[in-house]
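Enquirer: have a look at this fold, sequence not included:
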């Protein structure tokens, strides 16, 4: 690709999501997260509920089992392993945050559930690598986890722009790019 000139609007990268997380107030576990977000002065959660819901959706069915809430859609072990290859800063994953502890206590009050360190890691992976694609009631409600797109370099003076089109995230040239 680096040996190819690109014109304005040319697709540089197109990728289907590895995972798609969408807030769903009808899912009891998601509703519980939204209640945690709203119920406390300053919230019991350190980040928006969407990120916790996305982390929970990245658990395997075995890790999510025995929750006090009905099962939600989880990831396969293979999909989770791919997600775990994405970046999360060491200082953000050393110790599970109070928000992660609160979520585990709410969803698994009698014990069980995922290791707090793993849920913290998945949370941070979503925070640092996801693409928010939808806003409802002023809140991000949908996020995508992309493997290749998450590894693209950031620029404060970008020469390309992201677009969501036909179920894929596309990176398009923002102007003529010379190889």
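Expert: Nice, I can see it. The shown structure was predicted, so the numbers you read here are calculated from the model rather than taken from an experiment.

Enquirer: could you count how many residues lie near the closest residue to residue 76 other than its chain neighbours?
Expert: Excluding its sequence neighbours, the residue lying closest to residue 76 (CB to CB, 6 or more residues apart in numbering) is residue 60, at 7.1 Å. Yep, even glycine has a C-beta here, placed from its N, CA and C like the rest. Other residues near residue 60 number 16, with proximity taken as other CB atoms under 10 Å.

Enquirer: contacts only, for residue 60.
Expert: With contact set as CB atoms under 8 Å, 6 or more residues apart in numbering, residue 60 has these partners: 74-77, 80.

Enquirer: where do the strands sit along the protein?
Expert: 11-15, 19-22, 130-136, 139-145, 160-165, 168-173 (DSSP state E).

Enquirer: kindly provide the distance from residue 109 to residue 6.
Expert: According to CB to CB, to the nearest Å, residue 109 stands 54 Å off from residue 6.

Enquirer: in terms of neighbours, single out the busier of those two.
Expert: The residue with more neighbours, out of residue 109 and residue 6 and counting by other CB under 10 Å, is residue 6; that gives 19 against 11.

Enquirer: against residue 178, how distant is the more buried one?
Expert: 8 Å.
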